[in-house]
Each structure stands twice: as structure tokens, then as C-alpha cells.
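Sequence first, predicted coordinates after that:
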Amino acid sequence: MTIRWIPEQQCTRLLCDGAAIGSALKLDGAVDHFTMVEEGVVCWTRTVDSAVQEMSMTFAAEYAPNYTMIPALQYDGNKIKIRDYFDVRNETAKVKEPKPYPTFFVGGHDPDGKPWRFVSHRMSIPGATYSEGNGQSVAMFLPPDQLHAACSLYEENGKTYHQIHWPEQDSTPFILPDGSQGKNHYIPIKPRHVFRVILTLCPAPQPREAWHKLLDAAWKQYYTLKPPVRNYDELWELGINYAKMLYTEEDDGFKGFSIGFTWKDGWVKRGHQKYEIGWCGQNASLANSMLAHAKMCGDAEAKRIGLNVLDAWVSAIKPHGIISTHYDDNIYTNGYEKTVDACNLGTAALQYFEAADRAAALGESRPEYIKTAKSICDFALKVMDAKGRIGKSWLERDLSPAVQEGSTGAFLSMALCEAARRLGDDTYLEGAVRSCRYYASELENNGFTTAGALDIFTIDKESAIPLLKGNLMLFNHTGEQEFLLNAEKAAWYLSTWQWHYTCTFPEESLLAKMQFDTFGGTAVSIHGGMDPFALNYVHEMRDLAVYTGKEQWAQRANGIWRHGQMCISDGDMVVDGKAPRPIGSQDEGVSYTIGRQRSFSPSQWLVAWPTAFRLEALRRILPEDGDKFGIIF
């Protein structure tokens with residue numbers, strides 16, 4: 001691929017393999033200079049004689065876009081219609097519908113017709129915009145020495161405009177999820193002479209794939225190896241301690257792990273939606289970690305807790321034979337019915353398959369664990385349609401469909417993959433292949449996945465995790481390259497949500513005082529929050545590096561692992577003047593920007609899942625007969 005630039009009166013025209021791909025618009029009194037960084041990557045530097053505090057650099061791509069992206073912020077303009085994603089359910093049923101995503105991210109212009117501006121730190125690559133059309137693609141982002149700016153992306157007169165603006169600023173109808181008006185962001189800069197952006201230009205023969213070039217180029221600009229904060233033994237002990245604190249025995253005999261601690265004049269276990277088998281509650285995974293700890297250390301209490309929780313969920317199975325995804329009956333109020341969902345069910349099946357092995361290793365036979373996992377897999381086959389779509393959720397009382405659309409059904413694809421491996425039944429393998437292909441094609445066709453964040457029906461990252469995991473499971477089972485390619489496509493999409501750089505926070509903010517580092521973290525479904533959820537697939541990223549020979553996947557895994565250790569309490573950790581946080585606890589996430597609840601601050605919600613995911617990652621490097629961890633990195 002050859003990139004050339006030709007100066008003209010009003011612009012510098014750039015050509016890719018001889019074809020005009022777009023123009024860098026000139027500015028009177030400024031000198032533009034272009035240098036090749038690598039194949040398809042160009043650094044555009046603008047110099048002015050008199051220092052200025054405001055600047056815009058605009059690149060006009062020579063096509064109307066077929067697809068656009070602002071990583072972790074907009075996917076094809078966020079134009080999906082929420083109501084189209086809800087099927088008609090049982091006429092007498094009343095099912096709680098998840099909230100849609102914030103509307104202020106949709107579109108490209110404000111009411112005055114001006115292109116919206118988004119502060120550069122709101123996206124996973126600073127100031128990044130991407131578009132494709134007419135078989136070509138363009139992306140623009142900020143290099144490390146130019147972080148504090150804003151970007152715009154819009155179509156006009158058959159062209160796609162990529163812009164970077166200084167200083168850092170928002171100009172959006174900033175409406176928060178609760179309907180309130182958010183604050184816009186504006187930070188002046190010191191007068192300067194030099195401004196710089198990075199362009200990536202390449203053919204896009206396959207739709208919604210060429211943005212891999214943007215991510216690859218940005219990662220190379222920003223990646224720095226940072227050692228983990230804690231060693232494996234410390235992380236394991238902290239996690240086990242917190243899991244034991246979460247363990248709760250209810251008056252009705254149910255035993256489970258609380259979904260987490262929240263602040264109410266002290267750290268207390270949350271009093272509603274208290275128990276969840278997967279997703280945020282991760283009861284089954286935490287129980288398996290307890291069994292692993294019992295085997296490793298001979299901890300009788302851990303064995304008792306792990307078996308108690310796994311047995312309690314099985315004992316609470318409804319007459320239809322499918323395990324509940326939430327135990328407490330007040331999961332939905334105001335007349336809404338309880339549902340079971342694919343995310344939790346898929347997780348439950350995987351964990352119960354594993355639990356049978358872990359119980360046996362402790363001398364405990366639990367055939368009901370395999371039966372529980374198998375019943376979920378059989379249910380997935382039953383509800384799967386001819387295309388491979390499984391569905392998102394079902395009414396708990398009779399398992400009639402609640403929500404059919406969304407990518408969440410892929411969590412049950414993973415369960416089918418595991419059933420095929422363990423049980424050697426081609427029926428499960430056929431279902432796994434059909435469903436994995438369906439959800440992979442959905443990502444390929446849309447350029448995003450949806451509905452894995454169960455409380456907000458939106459474009460998100462969570463729903464792509466089973467695409468990565470399930471396709472790698474099939475690749476390992478069948479050896480077919482198709483599944484490795486699908487897994488890598490899912491990994492690229494997941495990486496659009498991963499922060500490639502470290503944000504600078506206001507000195508007075510809680511995040512600055514906590515020395516919080518955004519590098520390696522992931523955005524939360526387009527609402528200005530960041531979390532360590534990628535811990536859930538850190539091993540798969542590492543595996544991709546081995547299978548593909550691409551070191552970047554291992555580097556991204558390193559970023560995930562390090563970020564996942566941010567702000568774990570040692571029992572003495574005090575934040576914002578509150579009492580010390582429980583040992584091993586960790587925030588669900590932080591607000592890394594202005595506008596979502598408190599700006600630049602942690603959530604103060606010490607949920608179970610970060611601990612569960614970290615322990616689960618460590619479980620995978622425990623030797624079968626030993627007490628020393630293997631190596632992730």
C-alpha cells in the first residue's frame with residue numbers, strides 16, 4: 001500500500017495506491033507537513049508563526065460513509081432503534097425493559113447545525129474518529145503529545161469529515177441517563193505553535209474491519225509495559241477474603257454470596273437484588289474459587305461455603321428444571337415479572353460443569369451439578385431458531401420468551417461449546433457452531449454487539465465477550481481456522497472499548513488522589529464509566545497472541561491485568577472520608593469524565609464480579625496437583 005500527498009491550493013490531497021482517499025484542508029497562515037509513520041499511517045503536523053489557543057484540523061474523506069465509529073462512544077452513529085429490539089411477549093406478562101442508551105450520543109450536529117464536539121478523553125483512543133465507504137477507510141486520532149483536544153465526525157455533501165479541535169471541549173446536548181442536563185467540558189490551553197494528528201488510511205474491502213488499523217496504530221503509539229501492582233498470591237488471598245465476607249446465610253435456608261457492599265453510613269451488603277448466579281453477582285464462579293482454595297490450602301471453611309452455595313442454587317430450581325438467575329424475589333418490582341437470561345444461564349452452565357470436577361477433587365460427588373449444566377444446554381438447543389439465534393431472556397414462571405433480540409444469546413453458545421467438549425455429543429457441537437456463526441455474523445454485519453449489559457439495552461462490549469470465548473473454544477475443539485478468525489474479530493471489537501492511554505485528572509478529584517490509571521480499562525456501555533470487566537477475557541487475549549503470533553494481544557492482556565488491580569482495598573483503604581473499605585473489595589467502576597453522577601470519582605459500589613473474575617483468571621493457572629500458581633504474564 002502506497003500513500004502519497006499532493007499539495008493543492010485549498011488542501012493537501014492524499015492518495016492510497018493512486019486513488020484519492022481524502023484531503024487535509026489547509027488553513028491560512030499555517031504550514032502543514034506530512035510524514036510516514038508506517039504503512040498506511042501518516043503524521044500530519046501543522047505549524048503557525050504566532051502562538052494560538054484555538055485550532056482545528058480537518059480531513060475530508062472522499063466518500064459518504066457506510067459505517068462510522070468513535071471508539072467507546074459511537075458505533076455507526078448509535079442509530080439502532082431500541083424498540084425494534086423488543087419482541088411481543090406473553091400478552092399477560094409485564095417484563096421490565098432495560099433502559100436505552102443516553103440519547104445525546106446519537107447523530108452528528110447540534111440544533112444550530114454545527115458538528116458536535118466530544119472531548120478527547122471520552123473515547124478509548126484520544127480524539128479518535130473512523131469512517132469507511134467506497135472500499136476505503138480513514139481514521140484520525142491524537143498522538144501522545146497532543147492529548148487534550150476534541151473531535152467531530154460528520155457527513156456533508158457526500159464526504160465524511162474528521163476533525164480535531166483545540167482546546168478540549170464538548171458541544172453536545174449532554175442529557176444523562178436519568179434525563180437531567182449534564183455539564184459540558186471546556187479546558188483552555190496555553191498558546192502554542194505546533195499541532196499534530198495521526199491519520200490511518202487503508203482499503204476496506206471487507207466492511208467493518210479496517211478499523212483494526214486504527215487500533216493497531218494507536219496501540220503502537222501509546223503502549224508502555226507496566227508491571228502489575230500485586231503478585232498472584234496477594235491477589236488470591238485478597239479475593240478469597242472478600243468472597244468470605246460476601247457469603248451470607250438467609251433465614252429461609254438459602255446460602256449465597258451477596259452481590260456487594262454499598263455505603264449507607266457504613267459498608268453494608270445491598271438489600272435488594274442480593275443474589276445473582278452470574279453477571280454482577282457471580283455466585284457460581286465465587287463458589288468454584290472457594291473449592292479451588294479448599295483443594296489448594298485444605299481450608300474446610302472454604303469447602304463448606306463453596307458447596308453450600310452451589311447446592312443452594314440447585315435446591316432452588318423451579319419445577320421446569322432450569323436454574324434461576326436471581327434468587328431474591330424482589331429483583332423486579334411494580335408488577336414486573338422475573339426473567340431468566342442467557343448471560344446468567346450461560347455462565348451457570350460453564351461454572352456447574354467445572355464445579356462437578358472441583359467437588360470430585362475434594363471427594364464430593366455432585367452429579368446434580370452436571371445435570372444442572374446439561375439442562376441449560378438442552379434449553380438453549382430448544383429455544384434456538386434455524387439461524388442460530390437463541391434469545392436474551394425468558395419469563396421465569398414458564399420460560400416463555402421475554403426478549404429475543406440482542407447478542408446476549410452468545411453466552412449460551414459458550415455453554416454448548418463446553419457441553420460438546422465434555423459430553424462428546426455432536427448435537428451440542430452442531431448447536432454451538434450454528435449459534436457462534438450467527439452471533440459472529442451479527443457483529444460483522446452491524447459493527448457492534450448489543451444487550452450484554454443487562455440493565456441497559458445498548459451497544460456494548462459485554463455481549464462480545466462470548467463471541468471471543470466461544471469461538472476460541474470451537475477452534476480448540478475443531479481446529480478450524482474460521483473460529484480463530486471470528487474470535488480475533490471479536491477481540492478487535494472488544495479492544496475498541498479498551499483505553500489505550502492514561503488520562504490526566506483534575507488534581508482535586510478523587511481519581512487523581514487515588515492515582516487511578518485508565519490505561520487498559522474498558523468503557524461501560526457508553527455512559528462515561530470505566531470498569532475492569534475485561535478481566536473476564538484476559539486469558540483469551542493471551543491465547544490469541546499464542547495462536548496468531550501477534551504480540552499486541554499479549555500486551556493488551558497485560559494492560560487488562562494491571563488495570564484490574566486498580567484500587568483493591570487492603571482493609572485500610574479510605575476513599576472520600578468513608579470508613580475503610582472491606583479487605584479485597586474493589587469499585588465496580590469509576591466516572592472518568594464530567595457528567596455521570598460525580599465527575600472523576602469512583603462508584604463507591606463494591607460489587608462481587610471484579611473479585612470473581614480475578615479469582616477465576618487465577619484458577620486457570622493453578623496446577624492440578626500443587627499449590628503454586630502458574631504464569632499469566
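That came through, no problem.

Please list all residues in contact with Pro367.
Each residue near Pro367 by Cβ atoms under 8 Å, 6 or more residues apart in numbering is listed here: Ala356. In short, each C-beta sits where N, CA and C put it, glycine included.

Tell me the spacing between it and Trp279.
26 Å (Cβ to Cβ, to the nearest Å).

again, but for Glu54
Taking Cβ to Cβ as the measure, Glu54 falls 45 Å from Trp279.

For the stretch 1-150 of the chain, just list every one of the strands.
Defined through DSSP state E, counting those that start in this stretch, the strands belonging to the stretch 1-150 of the chain, from first to last, are 3-7, 11-16, 19-25, 30-38, 41-52, 55-61, 67-70, 74-75, 99-100, 118-119, 129-133, 136-141, 150-156.

starting at the chain centroid, how far to the longest one?
Computed by Cα atoms, centre = their mean, to the nearest Å, the chain-centroid distance of strand 41-52 equals 35 Å.

Please identify the buried residues of it?
Neighbour counts over strand 41-52 (16 or more other Cβ atoms under 10 Å) mark Val41, Val42, Trp44, Thr45, Arg46, Val48 as buried.

Of those residues, which pair is most distant in space?
Taking every pair in the buried residues of strand 41-52 and measuring Cβ to Cβ, the maximum separation is 24.2 Å, between Val41 and Val48.

so where's the stretch 101-250 of the chain shaky on pLDDT?
Per-residue confidence for the stretch 101-250 of the chain (pLDDT under 70) gives these ranges: 101-112, 172-184.

Which residue is most remote from the mean position of this protein?
Distance from the C-alpha centroid of the chain peaks at Gln9, with 44.5 Å (Cα atoms, centre = their mean).

Could you pull up the residues touching that one?
Contacts of Gln9 were listed using Cβ under 8 Å, 6+ apart, and they are Lys26.

any idea of the pLDDT on it?
Note on Gln9: pLDDT of 93.

For it, give its distance to Glu156.
Between Gln9 and Glu156 the distance is 20 Å, computed by Cβ to Cβ.

What residue, apart from its backbone neighbours, is nearest Arg230 spatially?
Leaving aside its sequence neighbours, Arg230 sits nearest to Gln565 (Cβ to Cβ, 6 or more residues apart in numbering; 5.5 Å).

and what of Val48?
Nearest to Val48 is Ala30, by Cβ to Cβ, 6+ apart, at 5.0 Å.

could you list every residue that touches the one you found?
Ala30 makes contact with Arg46, Thr47, Val48, according to Cβ under 8 Å, 6+ apart.

Show me how far stretch 587-595 is from its chain's centre.
14 Å.

what does it contact?
Stretch 587-595 is touched from outside by 119, 121-122, 170, 174, 176, 182-185, 260, 280, 503, 505, 511, 516, 518, 524, 528-532, 567, 597-607, 609-610, with contacts defined as Cβ under 8 Å, 6+ apart.

switch to 7 Å and redo it
Here stretch 587-595 makes contact (Cβ atoms under 7 Å, 6 or more residues apart in numbering) with 121-122, 174, 176, 182-183, 185, 503, 511, 516, 518, 524, 528-531, 567, 597-607.

now stretch 242-249
Contacts to stretch 242-249, defined as Cβ under 7 Å, 6+ apart, come from residues 255-258, 269, 286, 289-290, 305, 582-585, 608, 611.

Identify the farthest-apart pair in these.
Checked with Cβ to Cβ, those reach their widest spread between Lys255 and Ile583, with 21.4 Å between them.

Let me see the ranges of the strands in the stretch 451-600 of the chain.
Using DSSP E, counting those that start in this stretch, strands in the stretch 451-600 of the chain cover 456-457, 459-460, 522-523, 529-531, 590-591.

Just the ones of the contacts of stretch 587-595 in helices?
When the contacts of stretch 587-595 are checked against helices using DSSP state H, the ones located there are Leu511.

How are the helices of the stretch 451-600 of the chain distributed by residue range?
All helices of the stretch 451-600 of the chain, identified by DSSP state H, counting those that start in this stretch, fall at 465-478, 481-495, 510-513, 538-548, 551-563.

among the ones you listed, which is the most enclosed?
Counting by mean count of other Cβ atoms under 10 Å, helix 465-478 has the highest mean neighbour count of these, with a mean of 24.

Tell me the buried residues in stretch 69-82?
For stretch 69-82, burial by neighbour count (16+ other Cβ under 10 Å) applies to Met69, Ile70, Pro71, Ala72, Leu73, Gln74, Tyr75, Asp76, Gly77, Asn78, Ile80.

circling back to that earlier point, please dump the helices of the stretch 451-600 of the chain into CSV; it should also carry distance to Phe353 and mean pLDDT for every row.
Listed next are the helices of the stretch 451-600 of the chain as CSV, based on distance: least, Cβ to Cβ, whole Å; pLDDT from 0 to 100:
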stretch, distance to Phe353, mean pLDDT
helix 465-478, 12, 98
helix 481-495, 20, 98
helix 510-513, 39, 91
helix 538-548, 17, 96
helix 551-563, 24, 95
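
would you turn those helices into a markdown table with distance to Cys377?
Rendered in a markdown table, the data for the helices of the stretch 451-600 of the chain read as follows (distance: least, Cβ to Cβ, whole Å):
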| stretch | distance to Cys377 |
| --- | --- |
| helix 465-478 | 13 |
| helix 481-495 | 19 |
| helix 510-513 | 42 |
| helix 538-548 | 21 |
| helix 551-563 | 29 |
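
So which of these is nearest Ser441?
Comparing the helices of the stretch 451-600 of the chain by their distance to Ser441 (Cβ to Cβ), the top pick is helix 481-495, with 9.0 Å.

tell me what the closest one is packed against?
Using 3 or more Cβ pairs under 7 Å, 6 or more residues apart in numbering; DSSP states H and E as the contact definition, the elements that helix 481-495 packs against are helix 211-222, helix 426-446, helix 465-478, helix 538-548.
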